[in-house]
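Chemist: no sequence on this one, just coordinates:
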């Protein structure tokens, strides 16, 4: 059995412990060894360990005879757009996304700019653990060429996919919190080009993330909420470290949960075009409510943006995304894109001519409760099998873990892709009912863990 190297979304861990120069070098050699001939695009986020790990990955790729185009610091979707619109064998981003500063990681993408399928990851893992590298001789090692145009082309691609004139005509005031991450060089510039009055927070790249942690969750965005209220902005937006997600604050300075912004954009796209929307089983029922009302359909997948993107590609979906602020626009590219999400929300606000808070009020409201339970990793499959037997006779989906539906809500129990934890999600019309459903799921899970 080949050990697993990739998690739910790339390779990730604490620098110096899980993620080392040696690992990055071997990943570069492994990736280069499975690629078709052609150059590889490489980029990184702002983390302090980024240059070190980037150089190691690049050295490994060069050793396999591939040339490397170094795009520098840019959002993960910016690198994916470069690969998607160029002639590359693949791409690599050195990033740990929303994780704290001591983390870093490696995301690998295919020639379409999509994150790899599991079989493609396994090919790299096989080379990595067997140390089976296809190395070039001295005369055919690769060369590095910098590319300072990648960010500009990425922004042009976004501007071409929205009604820029309508947004400019709305004269919107927007507060953007880049979190000192990769969006510092993209989102403020995008907003300016869309005619917005821009107020910037944490807009200086800094891999120690001094202003706030990289994850754009409510408890980390106090400064953004306060600034939207104080400046009377039309909305605020925050990105994670690699800017593939966008989380919003409405015109009242209220935090907008990602499932509601996802539903808002889905409603707009399906109302115009119809079609299929793809989302994980963990997404709120409000998404299906608005998509069905607009004449579309929803397809559920396992949790993970790469899985959602690949199903969208295969099924010809018009839109997709997750409840964490990650949205995927297939006409643009098949990956989460925080800057594209920002531009699209501005497009919806400008076209509808109403405040974001009013538009969100039309999205059905549900309450979500989350908790988790630890378990011994070796017992995962047996626990899931026992849990399925405990809920036999109920309305159950087993796309990813065990999801049990009730008339007034649901709970989902699924194993984490990165640690020995079962995550429990529950949704219902009221917080009390959501908490009760989560409790029911937790009780059944603990019975399954205890065994027969």
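Modeler: Arrived safely, thanks for sending. Keep in mind the model is a prediction, meaning the values are calculated, not measured.
Chemist: what does stretch 442-452 rub up against?
Modeler: For stretch 442-452, contacts defined as Cβ atoms under 8 Å, 6 or more residues apart in numbering pick out 371, 373, 375, 379, 383-384, 386-387, 390-391, 413, 422, 424. (Each C-beta comes from the backbone N, C-alpha and C, glycine too.)
Chemist: gap between residue 26 and residue 19?
Modeler: Using Cβ to Cβ, to the nearest Å, residue 26 is found at 12 Å from residue 19.
Chemist: same check, this time on residue 346
Modeler: 36 Å.
Chemist: same deal with residue 345?
Modeler: Distance, residue 345 to residue 19, by Cβ to Cβ: 33 Å.
Chemist: if we can go back for a sec, okay, residue 346 and residue 19: which has more neighbours?
Modeler: Counted by other Cβ atoms under 10 Å, residue 346 and residue 19 do not tie: residue 346 has more neighbours, with 28 against 23.
Chemist: picking that back up, which one of the contacts of stretch 442-452 is nearest to residue 3?
Modeler: Closest to residue 3 out of these is residue 379 (18.4 Å), distances taken as Cβ to Cβ.
Chemist: quick one: contacts for the closest one?
Modeler: For residue 379, the contact set (Cβ under 8 Å, 6+ apart) comprises residue 449.
Chemist: a strand runs through it, doesn't it?
Modeler: No: in this structure, residue 379 is helix, not part of a strand, as judged by DSSP: H, G, I helix; E, B strand; the rest coil.
Chemist: run the chain-centre distance for the strand or helix carrying residue 83.
Modeler: Secondary structure assignment for residue 83, by DSSP states H and E: helix 76-85. From the chain centre to the centre of helix 76-85 is a distance of 14 Å (Cα atoms, centre = their mean, to the nearest Å).
Chemist: so which bits of that helix are buried?
Modeler: The neighbour-count criterion (16 or more other Cβ atoms under 10 Å) identifies 76, 77, 78, 79, 80, 81, 82, 83, 84 as the buried residues of helix 76-85.
Chemist: which parts of the stretch 1-150 of the chain are helices?
Modeler: Counting by DSSP state H, counting those that start in this stretch, one finds helices in the stretch 1-150 of the chain at the ranges 21-34, 50-63, 76-85, 118-130, 150-159.
Chemist: quick one: closest of the ones you listed to residue 108.
Modeler: When the helices of the stretch 1-150 of the chain are compared by Cβ to Cβ, helix 21-34 sits nearest residue 108, at 5.8 Å.
Chemist: packing partners of the closest one?
Modeler: Contacting helix 21-34 under the criterion 3 or more Cβ pairs under 8 Å, 6 or more residues apart in numbering; DSSP states H and E are the following elements: helix 50-63, strand 90-94, strand 103-109, helix 118-130.
Chemist: could you redo the last one with a cut-off of 7 Å?
Modeler: Here helix 21-34 touches helix 50-63, strand 103-109, helix 118-130, going by 3 or more Cβ pairs under 7 Å, 6 or more residues apart in numbering; DSSP states H and E.
Chemist: so which of the ones you listed gets nearest residue 252?
Modeler: That would be strand 103-109 among the helices and strands packed on helix 21-34, by Cβ to Cβ, at 33.7 Å.
Chemist: point out where this structure drops to low pLDDT.
Modeler: Counting by pLDDT under 70, the chain has low-confidence residues at 418.
Chemist: farthest residue from the center of it?
Modeler: residue 139 (39.6 Å; Cα atoms, centre = their mean).
Chemist: got a list of what residue 100 touches?
Modeler: The contact partners of residue 100, taken as Cβ atoms under 7 Å, 6 or more residues apart in numbering, are 213, 214.
Chemist: what's the spacing between it and residue 13?
Modeler: 12 Å.
Chemist: pretty sure residue 330 contacts residue 311?
Modeler: No: Residue 330 is beyond contact range of residue 311, at 11.0 Å (criterion: Cβ atoms under 7 Å).
Chemist: compare the two (neighbour count), which wins?
Modeler: Neighbour tally, residue 330 and residue 311, criterion other Cβ under 10 Å: the higher count belongs to residue 311, 20 against 17.
Chemist: thinking again about what came up before, name the helices or strands packed onto the helix holding residue 83?
Modeler: strand 40-44, strand 90-94, strand 103-109, helix 150-159.
Chemist: could I get the buried residues of helix 76-85 in CSV, plus columns for distance to residue 302?
Modeler: Formatted as CSV, the buried residues of helix 76-85 follow (distance: Cβ to Cβ, whole Å):
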residue, distance to residue 302
76, 20
77, 21
78, 26
79, 24
80, 21
81, 25
82, 28
83, 24
84, 23
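Chemist: quick check, nearest of those residues to residue 319?
Modeler: Scanning the buried residues of helix 76-85 for proximity to residue 319, where the rule is Cβ to Cβ, the winner is residue 77, at 15.5 Å.
Chemist: if anything else comes up later, I'll come back, but that's it for now.
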